[in-house]
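Colleague: just the structure for this:
(chains A and B)
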There are 2 protein chains.
Amino acid sequence: MTFRAVKPIDGTPYGVEIPEHTKGDVDSRIKKAAASAHAIANQSPKERALLLRTIAAEIEAVRTSLVESACAETALPEARIGGEITRTTVQFELFARLVETGKHLGVSIDKADANYSPAPRPDIRKMNVPLGVVAIFAASNFPLAFSVAGGDAASAIASGNAIIAKAHPSHPNTCSTIELAIKSALKKCGLSEDTYSIVQGVNPQITHWLALHEDVKAVGFTGSEVVGRILVDLAATRKEPIPVFAEMGSLNPVFVTKNAIADRSEALAKGIIDSALMGSGQFCTKPGLVFIPKDEDFVSTMKSHLATLSVAPLLSKSIADRYSSAIAKISDGGKLEVASGIANDSGFGVTPTVFITDWTTASSNHELLEEHFGPTTVIITCDETQYVEIASSLRGQLTATIQGTDADKPTELLSVLKEKAGRVIWNGFPTGVAVTSAMNHGGPWPSSSSHTTSVGTDAIYRFMRPVAFQGFAQSVLPEPLQDANSWAVPQSIN
Amino acid sequence: MTFRAVKPIDGTPYGVEIPEHTKGDVDSRIKKAAASAHAIANQSPKERALLLRTIAAEIEAVRTSLVESACAETALPEARIGGEITRTTVQFELFARLVETGKHLGVSIDKADANYSPAPRPDIRKMNVPLGVVAIFAASNFPLAFSVAGGDAASAIASGNAIIAKAHPSHPNTCSTIELAIKSALKKCGLSEDTYSIVQGVNPQITHWLALHEDVKAVGFTGSEVVGRILVDLAATRKEPIPVFAEMGSLNPVFVTKNAIADRSEALAKGIIDSALMGSGQFCTKPGLVFIPKDEDFVSTMKSHLATLSVAPLLSKSIADRYSSAIAKISDGGKLEVASGIANDSGFGVTPTVFITDWTTASSNHELLEEHFGPTTVIITCDETQYVEIASSLRGQLTATIQGTDADKPTELLSVLKEKAGRVIWNGFPTGVAVTSAMNHGGPWPSSSSHTTSVGTDAIYRFMRPVAFQGFAQSVLPEPLQDANSWAVPQSIN
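Modeller: Numbering: from 1, shown residues only, chains lettered A, B, ... in the order given. Below you'll find the predicted structure:
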């Protein structure tokens, strides 16, 4: 069986016929990856860094082709796709810089100590080792940055794993181009091309084949809570359960103070709407709930701004259909005000739609408190004194934002939001996730399935586990654990 | 309902009637712990270190009472219990030393950078925060070191969590004494006594109440694969799944080379048997599978040594019964040699029993390849050239050991064992786990449910999660993230 990509701009097919992989194909790719895992695991930091930089260079070399296919397959503008490619290559470079320091190996050395309490201790040396084969699931909304060579794959390769990446059926040609680039880099670095492969298809069983295969030792996923939960549940049924690092649903609540509105009403009103509509509202960090004090003028400014805006088509027909039916259902629910932007009637285009209601209505309408992919958000009026209680009632979030001024004392609200979110933001907008060391992209369930980050250099620690070596001669120990430390990695010596 | 402890030495009751906690009791203790979690979470490193040291001092103050109850409730010798108490107090001191450095907070600071690629970045600062309430399950085999104030509880308190600990019904009086000591320490340090509570009972539903309570945010467990799996599965069914850090089953395979036998036959033969029978064979690191080249003399030395040994009664009637029935079943299986030590007929005493067989037999008899708690091990003869293949066929292990000499080149075997175990040992015995920085006590499933350690200072990282703060004024940031750094914690600044 084959399938083809579809252009969101007009619903027409794009690119070549893509053969859908069978169970046999998937199993064979996983087996080959497992067979090649030792070689990448045993690379020195220098070799690994070179591999990561070579991947970046090979991706850069096909930039033109990637821009063409990704723009066609997602309807995202060229500037966005170009930025994503740069983010992807910069990410490999960031991991290369980390890996060549050897810091990620987490080397800890306890020398033998006959006087140790409560008992003499032998020589024990610990380091992180890769898991083996990692399965990565591409997200629909980032054809490069969270796809088959996005944060999950880059961090898993950086830590020395072989990879099976499930291409997203909405941008299969883009994924194929990336696969060729990475295989080329592997070859140039003397590693087997089997170390990295993608699998293609629309068959939902592929997810099961990947998550349940005995050679797959971890899963990286970005997508909806529904699919994330399926993966987490599948992994939990295995005879040997494996970790699933899933980044899923988030409402990214924004709490606006009276002072903030008094200080910068227009900029704030426009900024919130722009953030909600950015990327056609298809960011996992989209502000999906905005809490404001009752203020007719402020709401009016938001509505006027919205009325001037239209957005690019959504990423796929199913996303567009789900958006439209959710919007219709909520609009019919009553007790809320519906404000619209400019309709986009071509391809998978939709109408930006914002709901305005109060907390009493919203808190009794679960549809309003669910994540809706697409250009929408829910503006909720309430008393500022309710913010702490409202925040306490929310589920886990990727981000939570406070918009205030120096006159506000957000200590109590911040304390609650810190418990609910993985990143709290002051006077900023949640959309836009910097790829840095201190970034945390993750948070309590359902925003993610584990207490880790899927963006930034710390993402590498998800795909390794510690192993201790006790009583070995220097010559038998892995290089990073030897006293000679020929790789010059940081050694914490006790 | 009430229950009483039973003395393994003669099967008679010991200590007071212990009231079994109802669901209402358990819920109430969890709710109280949740209400007290903020105060311990917000302690400074100095305050936390003082708390940990005060707990150690309060436990030390009741040493006599702990020795009396623990010896009676477990039949373990006084020297072992004394060592466990010391290990417990030393562990709190170790965590105090780590916590006062602030290293565990993992502070990372990315200052704002307008020239950052691929996009300007805001000021982002990340640190670890505690999870809230952690549920700890005491193990039967370590009435102090892996019980209600063992490695799991100590690390979870060190990271700033409130604790609900399920006392083990085999040593309830020991657990009660510990609870009073910790509550006294909390009071002395100005914290609510609700921050730490135990729950008592034999009702298996208590496990469910703890694992499924919405205020419980993580579980620490040491015990069998069967119960560990129940906890992991329960946690996975929650609307908000939580991490379960379970240390479960392990066979701790030992691979002996011909050279090792030629070098130190008698010491090795006795050492293996002593290690298998240590603590009446009730250590999670007991060598349960010993691979040796065919050598009649070596086997004969092991058997002769075993014939001179008896062990203390097992920890409980159910453990003794399970042991005896497993031994009887395996002995009846045929195609293996059964060697015995001296029977202990009093209380929950049993007969040390070792099986000698070959790999062909063992690999087709799943009973032989399962963990059996108690004074037994399986000696398997095979060709040394089979070691790599055999090791590859094993499940995950806490430890794996090679006994060899400098003439051996264990590189390939070591490479496989590194994938199967969390700790690999050269020329030592797996029993005996040092509480140090470089220790790793954990490994692939079923030895543990996560890629973490339950022994040593790194255990603290299981009970925290990262939170990033973006764009906040210095005065609003938590102390460890401020430029002023009044807590003087390590800050990784980019």
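Colleague: where along the stretch 151-300 of chain A do the strands fall?
Modeller: A:162-166, A:196-199, A:216-222, A:244-247, A:254-256, A:289-292 (DSSP state E, counting those that start in this stretch).
Colleague: want to throw those into CSV with mean neighbour count, mean pLDDT and distance to residue A:175?
Modeller: Using the backbone N, CA and C atoms, a C-beta is placed for each residue, glycine as well. Converted to CSV, the strands of the stretch 151-300 of chain A look like this (neighbours: other CB atoms under 10 Å in any protein chain shown; pLDDT from 0 to 100; distance: least, CB to CB, whole Å):
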stretch, mean neighbour count, mean pLDDT, distance to residue A:175
strand A:162-166, 28, 98, 8
strand A:196-199, 25, 98, 5
strand A:216-222, 26, 98, 14
strand A:244-247, 28, 98, 19
strand A:254-256, 25, 98, 34
strand A:289-292, 24, 98, 33
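Colleague: closest one to residue A:8 among those strands?
Modeller: Checking the strands of the stretch 151-300 of chain A against residue A:8 by CB to CB gives strand A:216-222 as the closest, at 19.2 Å.
Colleague: ok now the closest one, how far from the chain's centre?
Modeller: Centroid displacement of strand A:216-222 relative to its chain, using CA atoms, centre = their mean, to the nearest Å, is 12 Å.
Colleague: packing partners of it?
Modeller: strand A:133-137, helix A:151-158, helix A:205-212, helix A:225-237, strand A:244-247 (3 or more CB pairs under 8 Å, 6 or more residues apart in numbering or on different chains; DSSP states H and E).
Colleague: reformat these as CSV; add distance to chain B.
Modeller: Output for the helices and strands packed on strand A:216-222, formatted as CSV (distance: least, CB to the nearest CB, whole Å):
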stretch, distance to chain B
strand A:133-137, 12
helix A:151-158, 13
helix A:205-212, 14
helix A:225-237, 4
strand A:244-247, 10
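Colleague: next up, the contacts around residue A:313.
Modeller: A:8, A:9, A:75, A:280, A:320, A:344, A:346, A:347, A:348, A:349, A:350 (CB atoms under 8 Å, 6 or more residues apart in numbering or on different chains).
Colleague: of all those, which comes closest to residue B:329?
Modeller: Of these, the one sitting nearest to residue B:329 (CB to CB) turns out to be residue A:320, at 62.0 Å.
Colleague: what residues of the strand or helix carrying that closest one count as buried?
Modeller: Assigned by DSSP states H and E, residue A:320 falls within helix A:317-332. Neighbour counts over helix A:317-332 (16 or more other CB atoms under 10 Å in any protein chain shown) mark A:319, A:320, A:322, A:323, A:324, A:326, A:327, A:330 as buried.
Colleague: got it, and stretch A:401-415?
Modeller: Buried residues in stretch A:401-415 (16+ other CB under 10 Å): A:401, A:402, A:403, A:404, A:408, A:410, A:413, A:414, A:415.
Colleague: from these, which two are the most distant?
Modeller: Maximum distance among these (CB to CB): 17.4 Å, for A:403 and A:415.
Colleague: now the angle from the top helix by length along chain A to helix A:151-158?
Modeller: Secondary structure of chain A per DSSP state H: the longest helix is helix A:78-101. Calculated by axes from the mean of the first three to the mean of the last three CA atoms, to 10 degrees, helix A:78-101 forms an angle of 30 degrees with helix A:151-158.
Colleague: in helix A:78-101, which residues are buried?
Modeller: Across helix A:78-101, burial judged by 16+ other CB under 10 Å covers A:80-96, A:98-100.
Colleague: ok, stretch A:384-400 next?
Modeller: Neighbour-count burial for stretch A:384-400 [16+ other CB under 10 Å]: A:384, A:387, A:388, A:390, A:391, A:394, A:395, A:396, A:397, A:398, A:399, A:400.
Colleague: so of those residues, which ones are in helices?
Modeller: The helices, defined by DSSP H, take in A:387, A:388, A:390, A:391 from the buried residues of stretch A:384-400.
Colleague: Throw those residues into a markdown table and include pLDDT and distance to chain B, thanks.
Modeller: Formatted as a markdown table, these follow (pLDDT from 0 to 100; distance: CB to the nearest CB, whole Å):
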| residue | pLDDT | distance to chain B |
| --- | --- | --- |
| A:387 | 98 | 15 |
| A:388 | 98 | 13 |
| A:390 | 98 | 18 |
| A:391 | 98 | 14 |
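Colleague: how many neighbouring residues does residue A:157 have?
Modeller: By other CB atoms under 10 Å in any protein chain shown, 30 other residues sit near residue A:157.
Colleague: on that earlier part again, nearest to residue A:480, out of the helices and strands packed on strand A:216-222?
Modeller: Closest among these, using CB to CB: helix A:151-158, at 15.5 Å.
Colleague: what does that closest one rub up against?
Modeller: Taking CB under 8 Å, 6+ apart as the rule, helix A:151-158 contacts A:40, A:48, A:51-52, A:55, A:88, A:91-92, A:95-96, A:98-99, A:104, A:134, A:136-137, A:145-146, A:163, A:165, A:196, A:218, A:220-222, A:245, A:435, A:441, A:454-456, A:459-460, A:462-463.
Colleague: can you pull out the helices in the stretch 301-450 of chain A?
Modeller: Taking DSSP state H, counting those that start in this stretch as the criterion, the stretch 301-450 of chain A carries its helices at A:317-332, A:359-362, A:387-393, A:411-420.
Colleague: which strands and helices sit next to the second one?
Modeller: Contacts defined by 3+ CB pairs under 8 Å, 6+ apart place helix A:359-362 against strand A:376-381.
Colleague: average pLDDT across the strand it packs on?
Modeller: Mean per-residue pLDDT for strand A:376-381: 98.
Colleague: same deal with stretch A:459-468?
Modeller: 98.
Colleague: touching chain B at all, it?
Modeller: Yes - using CB under 8 Å from any CB of the partner chain, stretch A:459-468 reaches chain B at A:464, A:465, A:466, A:467, A:468.
Colleague: residues touching the third one, list them.
Modeller: Right, the one you point to is residue A:466. A:106, A:126, A:127, A:128, A:129, B:422, B:440, B:442, B:451, B:452, B:453, B:458.
Colleague: having no further points to raise, I will conclude here.
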